[in-house]
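# Dropping the sequence and predicted coords here.
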Amino acid sequence: MRIDRETFSDYFTAYNIPIWNCSSCKKGTVVFNKKSFSIFETNESRKETKTDYWEPEMMVKYFFGKTNCNNAKCKEVFIIAGTITVEEDYDDEKGQIFTECYYPNFIFPVLHLFTLPDDIPVDVEEYIINAFRLFWIDKSACANAIRTSVETILNDKKVLKTELTKRKKRRSLSLHERIELFEKKNKEIANYLMAIKWIGNAGSHEGSLDTEDLLDGFDLLNHSIEKLYASHDKEIDQMTKKINKRRRPLK
């Protein structure tokens, strides 16, 4: 299942605050209420309101607040902070209106954009969670973190990091070369990892990525992780092989 684009968009409004899955218990949900926010207009924004050229879209505010997971057995506390800007909108009844848009810059504990399998290696999990954290802070850094997650997966799968040259000197293999080596073991997943690599490469160029690109990268990463580490997938694969080998049901 692909990540919901509306749930993890750049911003939300007071009328469509997203519902996030709790990353602590993985059962409850987290909903921030505007009433729980403390809001402050920036000094620069207040100065602008006194000028002759001021427009509503020039307003900038900060917000922060907290909420809890709605699972009675969890109740994990989540803190959110970010920036509010105003954008011109249109209402069928009221005509021109101005809507406050909330841009999260910080959410703690880290919200998971997808559920991580229980069997995932600790180091792979850590790099992916770091990518989740950076999603709200820095798009380029997030893309690079997703790319690094691929490196960690290849490390876990014992894909070579170096090779001997004809002159018997040790040289480091690029990520591209390592994925090509992994392709010999698992072509399907290697294709996903290569696509993630291209997205990660684009993260090195300022302004070349948007939220959709990052979510595409996370979709590919999620699918790869599920295929490589989810125990139910392994069980299904094993069952499939046994049935095909026996050419009849297992029982």
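The structure has been received and is ready for your questions.

# Quote the end-to-end distance of stretch 169-177.
End-to-end distance of stretch 169-177: 17 Å, with CA to CA, to the nearest Å as the criterion.

# Would you mind measuring from the residue of the chain most remote from its centre to Leu173?
Distance from the C-alpha centroid of the chain, by CA atoms, centre = their mean, peaks at Arg167 (42.9 Å). Applying CB to CB, to the nearest Å, the value for Arg167 to Leu173 is 16 Å. Where C-beta positions appear, they are placed from N, C-alpha and C, glycine not excepted.

# contact partners of the one helix or strand in the chain whose mean pLDDT sits lowest?
Scoring the helices and strands of the chain by mean pLDDT, DSSP states H and E places helix 231-246 at the bottom, with a mean of 75. Applying CB atoms under 8 Å, 6 or more residues apart in numbering, the external contacts of helix 231-246 come out as 117-119, 226-227, 249-250.

# Would you format those as CSV with neighbour count, pLDDT and secondary structure included?
Below are the contacts of helix 231-246 laid out as CSV (neighbours: other CB atoms under 10 Å; pLDDT from 0 to 100; DSSP: H, G, I helix; E, B strand; the rest coil):
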residue, neighbour count, pLDDT, secondary structure
Pro117, 17, 90, coil
Asp118, 9, 88, coil
Asp119, 13, 88, coil
Glu226, 17, 92, helix
Lys227, 15, 92, helix
Pro249, 7, 74, coil
Leu250, 7, 78, coil
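
# Including distance to Gly200, could those go into a markdown table?
Formatted as a markdown table, the contacts of helix 231-246 follow (distance: CB to CB, whole Å):
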| residue | distance to Gly200 |
| --- | --- |
| Pro117 | 22 |
| Asp118 | 26 |
| Asp119 | 24 |
| Glu226 | 19 |
| Lys227 | 19 |
| Pro249 | 44 |
| Leu250 | 42 |
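
# which stretches of the stretch 151-251 of the chain form strands?
162-164, 170-172 (DSSP state E, counting those that start in this stretch).

# and the least confident helix or strand of the chain, how far from the chain's centre?
Remark: helix 231-246 is offset 31 Å from the chain centroid, using CA atoms, centre = their mean, to the nearest Å.

# Extract the CA atoms of it and return them as PDB.
Presented in PDB, the C-alpha positions along helix 231-246 are these (Å, rounded to 0.1, in the frame of the first residue of the first chain):
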ATOM      1  CA  SER A 231       8.300 -12.500   8.300                       C
ATOM      2  CA  HIS A 232       4.900 -13.100   6.700                       C
ATOM      3  CA  ASP A 233       6.400 -12.600   3.200                       C
ATOM      4  CA  LYS A 234       9.100 -15.100   4.000                       C
ATOM      5  CA  GLU A 235       6.500 -17.600   5.300                       C
ATOM      6  CA  ILE A 236       4.400 -17.200   2.100                       C
ATOM      7  CA  ASP A 237       7.500 -17.700  -0.100                       C
ATOM      8  CA  GLN A 238       8.500 -20.800   1.800                       C
ATOM      9  CA  MET A 239       5.000 -22.200   1.600                       C
ATOM     10  CA  THR A 240       4.800 -21.500  -2.100                       C
ATOM     11  CA  LYS A 241       8.100 -23.300  -2.700                       C
ATOM     12  CA  LYS A 242       6.900 -26.300  -0.700                       C
ATOM     13  CA  ILE A 243       3.600 -26.600  -2.500                       C
ATOM     14  CA  ASN A 244       5.200 -26.200  -5.900                       C
ATOM     15  CA  LYS A 245       7.800 -28.800  -5.000                       C
ATOM     16  CA  ARG A 246       5.200 -31.300  -3.700                       C
END
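
# Can you list the residue ranges for helices in the protein?
43-48, 122-135, 139-156, 175-183, 187-202, 211-229, 231-246 (DSSP state H).
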